[in-house]
Structure formats: C-alpha cells, structure tokens
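Visitor: This is a predicted model, with the sequence first.
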Amino acid sequence: MISRALLLFALLAAPWIATAENPSVLTRFTLNEAESRVRVHSPRLKAARAELVAASEQARSQDAAQMPRLSLEANYRYISEVPKFQLGPTPQPMGDNNNYSLGPQLSYVFWDSGASRNVQRSLRKMEEAKQSENLLVERQVLLSTRVAYVQAQLAQKELELSERSLALAQSQSNDIGARFRSGSASQLDALSARMEVSNYELRVAQARAEHAAALAELKVWVGDLPEALVLDPLDGGLPPLADTAVPTDHPLLRSQRSLAEGLRFSERGQRAGHWPTLQMQAKTSLDFPNGPKLERFHQNTLSVGLSWPIFEWGRTSAAVAQKHAEQEAASYRAEQATNELVRDWTKAKSRYANLLEQGQTVNRLLHEAQNLAKLHYQTYRAGRISLLEVQTSNLRLLDTEIRKARIEAQLRTQHQTLKFLNGEENL
C-alpha cells in the first residue's frame, strides 16, 4: 500500500517537482508580456517605423516643393580688367573690379505640365505602402514571437513530462528493489528498472537542452529574459477563429497595390518632362556698382523663364519606360502575393482542421495509455506479466503525452497563422 501511494504521488506531483524545488526564483512570463516586449525591443519593427517616418517626411518635403520659395541670394565677382569708355580727354571706367549683389528672391514654378503634382501623388502612395508595410511587419513580428513562445511552451511541457516519467521510473525502481530484497522480484527486474531510470535521466537531459534552445529563440524576439521563468501552460482552449473567406485586404496586398499606384504616378511625372516648364522669379537686392558710378543702389527684378526640352538623347523617354516597367513589375508582384496568400490560407485552414481531428484521437489514445500503464503495473505486481511490458506501456504513455503536447503546439501555431493570413486587426 505504501508503494502504491508513492506511485500515485509521483504521477500527480511530478510535473511540479522542478517548480517546487525553489519557487521563489521562478518568474511567470506570460504571452501578453512577450508581445509587449517585442513591440519595444524588435529592431525589425523599429526599422519599419523609421522607414515610415522617412516616407512621410519625403512626401511632406514634396508638398513644400510646390509652394513658392523665398531665399536669400548673394553673389560676389572680382574682375581684373574694368572696361572703359572715353567721351572726353579722360577715360571713364564702366564699373569696378569688385561686384556684388545681395537680397531676397522669390521663386515659383507655376507650370510644369503636372510633374510636381504627380510626384506628390506618387510619394503619398509610397507613404501608404509604408504604412501597410509597417502594419505587416508588426504582425509578422508578433506571429514569430507567438510561434517562438509556443515552441518554448512545448519544450517546457516535454521537460515536465520527462521529469514526471523519471519520477515514476524511480518510484517503480525503488518498489522493485524492495521486492527484490524481499525475494519477490528477480535480479533481472531490478537491473532493468535501474536501467529504465538511466534512460529517463537521459531523456530529461535532452529535454532540458531543447528547453534552453527554445528560450534562446524566444529571447531573440523579446530581449532579455529572467534567469528562471515558467511560461503559461500549453494546454487550454483556443478562441474561435473569425469566419472569413479568402483574404483580399491583407496589409501585404495593400502595400503592393499602393506601391504599384505610386509608380504609376511616378511614370506620369516623368512623362511631364516632355512638356514645358514656366518659372517666375522676383528679387529685390542691393547691388554694386551702378554702371560707371561707383555706388550701391537698390534693384528690383522680375523674370519669367520658359524651359522646353527639344532634344535630350532620349533621357526622358528612357525614364518613362523605366517607371512603366517598375509599375508593371509591382502589379505582377501584387498578383503573385495574392496567389501565395490564398494558397497559404487554404493550406493553413486544412492543417488546422486536420489537427483538430488529431487532437480528438490523441485524447482517446492518452486516456487508454494511462489506464493501460496502471493496469500493466498492477498485473506485474501480481506476477502475471514481465517488467518489460510495464516499461513498454510507460514509454508508450510518455510518447502519447508528448504527441498530444506537440499537436496542441501545432494547433496554436496554425491558429495564429490563420489569424495573420486572415488579416485580422487584433492578432
């Protein structure tokens, strides 16, 4: 009866042995905390945000480029020979060696055949593309973090199961050792039981290494982790998925479409280079000299300039063709991204449904394996079967528990993948 009580205690309490050894140093690290950390820590997300700021500032700069420009213009010129003219006996200089002009100038391009307007539209579309890309990167980072967290949960669960199986093997080995000393068990059974303990010790060591590797992967995404931590349990219900059709408004697709539209406006801007540009300039300045009179004087100037390229060796045509090709390439990439997204969504949905079926099957298998392991040990103690059958049923129970944990981890991974592919706002 005492050995049976020890066995029951090992089955129930072994998952918590590692935690109970030193509970004061363990820190609960939840998925919500991991998500909060990755939003602050992720260099990839920081880079995407910086690129969005850069795109916004570039668009704002182009907005300002269409407004009149006020600048301070200054120039200085030194000439070695000053022209002279002679109306009398003494030649008169036509100026001075030193020449300068200083004053504010207002410049405004009031007609450029739509070049500036189309560049502005292009940059605004590029900004929209960066906004969608920033959202996409954030969701990708969150998805990767959640997958890493699930893998760490799985490693933690496998370590707990291995430690529990080790505790069970040690309990059975102690029981068989006592029976051997009393003469009711053979030396072969005692040696086999001790060897089984060693095998489970090896599995525990391997599980600890995999657990450390999974935490290292999680650390890549969330930054530093507590020295000793415990994650949320792997088992538990999953929230229902939104009943959505094949995604058509995913951030990836929005980004590609905005990029294609931006390149279309850029092509129009380049095409405007075939047509004239009109620019006006108004300047008020302090100039020196005033012709033959060596004095400073105030000058007001208003000028209008027309520029119309006649022949430029095909430069503008080549630039238009380049932007057209880039726009076509972006449109094809958007089409390809749509096809791949639909493919991935269909595959993920099929895998998720299949994993739900596997989960129901493995639950039945686990219940049967638990009952079989208990029954085999009771039958062995009655002397009707060998210890090998007990060890086989124990190993089958551990493998079934690990299979259940892996299916649960895959379910959670596919659940998050489907939410990402569905384009849900709250990933």
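Guide: Arrived safely, thanks for sending.

Visitor: If you tally nearby residues, what's the number for Val82?
Guide: Taking other Cβ atoms under 10 Å as the neighbour definition, Val82 ends up with a count of 13. In this view, the C-beta of every residue, glycine as well, is placed from N, C-alpha and C.

Visitor: Would you agree it falls within a strand?
Guide: No - secondary structure assignment places Val82 outside any strand; it is coil (DSSP: H, G, I helix; E, B strand; the rest coil).

Visitor: Pro289 versus the nearest residue to it once chain neighbours are set aside, what's the distance?
Guide: With Cβ to Cβ, 6 or more residues apart in numbering as the criterion, Val82 has its nearest non-adjacent residue at 4.7 Å, and that residue is Pro93. With distances defined as Cβ to Cβ, to the nearest Å, the gap from Pro93 to Pro289 amounts to 9 Å.

Visitor: ok, now Arg254?
Guide: For Arg254, the distance to Pro289 under the criterion Cβ to Cβ works out to 63 Å.

Visitor: and what of Arg396?
Guide: Spatial separation of Arg396 from Pro289 under the definition Cβ to Cβ is 106 Å.

Visitor: These two: which has the busier surroundings?
Guide: Looking at Arg396 and Pro289 with other Cβ under 10 Å, you find the greater number of neighbours at Pro289, namely 19 against 16.

Visitor: What does the nearest residue to Phe180 once chain neighbours are set aside show for phi and psi?
Guide: In space, Phe180 comes closest to Ala190 once its chain neighbours are excluded; the distance is 4.2 Å by Cβ to Cβ, 6+ apart. Reported as degrees, to the nearest 10, the phi and psi values for Ala190 are phi -60, psi -40.

Visitor: Could you do Leu278 as well?
Guide: According to degrees, to the nearest 10, the main-chain angles of Leu278 amount to phi -110, psi 130.

Visitor: All further residue positions should be reported with the first residue as 53.
Guide: Got it, first residue is 53 now, which makes that one Leu330.

Visitor: Over to the closest residue to it other than its chain neighbours: give its phi and psi.
Guide: The spatial neighbour of Leu330 that comes closest, neighbours along the chain excluded (Cβ to Cβ, 6+ apart), is Trp163 at 4.1 Å. Recorded main-chain torsions at Trp163 are phi -160, psi 120, according to degrees, to the nearest 10.

Visitor: how close does Trp163 sit to Arg121?
Guide: Using Cβ to Cβ, one gets 16 Å for the distance from Trp163 to Arg121.

Visitor: Hmm, Leu124 and Ser153 touching each other?
Guide: No - applying Cβ atoms under 8 Å as the test, Ser153 and Leu124 come out as separate, 11.3 Å apart.

Visitor: When the two are compared, which one has more neighbours?
Guide: For Ser153 versus Leu124, neighbours defined as other Cβ under 10 Å are more numerous around Ser153 (16 against 9).
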